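Trainee: one predicted model, sequence on top.
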Amino acid sequence: MKDVRSGLVPFWRQRRFYLPILVGVAANTLVYLALTYRLETKQERLSSQHTTLTEEVVPKQQTLAALESESKRLSRNEETVSQFWNEVVQPWEPGLTEAWAELNQLAQDSGLKMGRYSFRYEPLDVGLTRVNASMPLEGTYFDLAGFVNRLETSPRFFLVRQISLDRGRRGESKIDLNCDVSFFLRGAVNGRDPS
């Protein structure tokens, strides 16, 4: 009879009904706590990694910006070298003759008297030859300044290496100038090394 009565007692009043529920709640609580802890530590780890990566990215971005700047500079330099090589520097023939003619013309346009000039060749490793010329000139100070200015603004790219002045022999208004100038030509004289 006790068994029958216990079978008639509503299930919510029976102790064995609550036991699985309590076990389920305890299991769910443990799973919830484990997952929450894991997610929280994962979030902290991700946040720490994000901070570390952000700190690593800043110098790399600066390096990238420097490399991009260097790349642009190299590209501009390449264009300048190409323009210098193709437009400014001429081949030996007729470049050498034209350069001497231009030097004579610049001296005449400046009102200077040019004496006998001397020159020497200096081959460079980049396929160019530097021509170093030494020219004695005579004229007034302003004529000499005009000549140097014309040299520096010439499209041929004359380099004024050295200038020395002496008082002229003929009169006080005239002075003597010895001017060392360099210019560049492609290749060599008649296909040979000019030295």
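Mentor: Structure's in. What do you need?
Trainee: residues near Thr52, how many?
Mentor: By other C-beta atoms under 10 Å, the residues close to Thr52 number 10. The C-beta positions use only the backbone N, C-alpha and C, and glycine is treated the same way.
Trainee: which element is it on?
Mentor: helix 15-83 (DSSP states H and E).
Trainee: with Phe157 instead?
Mentor: Residue-wise, Phe157 maps onto no helix or strand under DSSP H and E.
Trainee: domain-wise, how is the chain divided?
Mentor: Using automatic domain parsing, the domain parsing of the chain gives 1-88, 90-191.
Trainee: can you lay out those domains as a markdown table showing mean pLDDT?
Mentor: Formatted as a markdown table, the domains of the chain follow (pLDDT from 0 to 100):
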| stretch | mean pLDDT |
| --- | --- |
| domain 1-88 | 77 |
| domain 90-191 | 79 |
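Trainee: any idea which of those is most buried?
Mentor: Most buried of those, by mean neighbour count (mean count of other C-beta atoms under 10 Å): domain 90-191, with a mean of 15.
Trainee: what's the spacing between that one and its chain's center?
Mentor: 33 Å (C-alpha atoms, centre = their mean, to the nearest Å).
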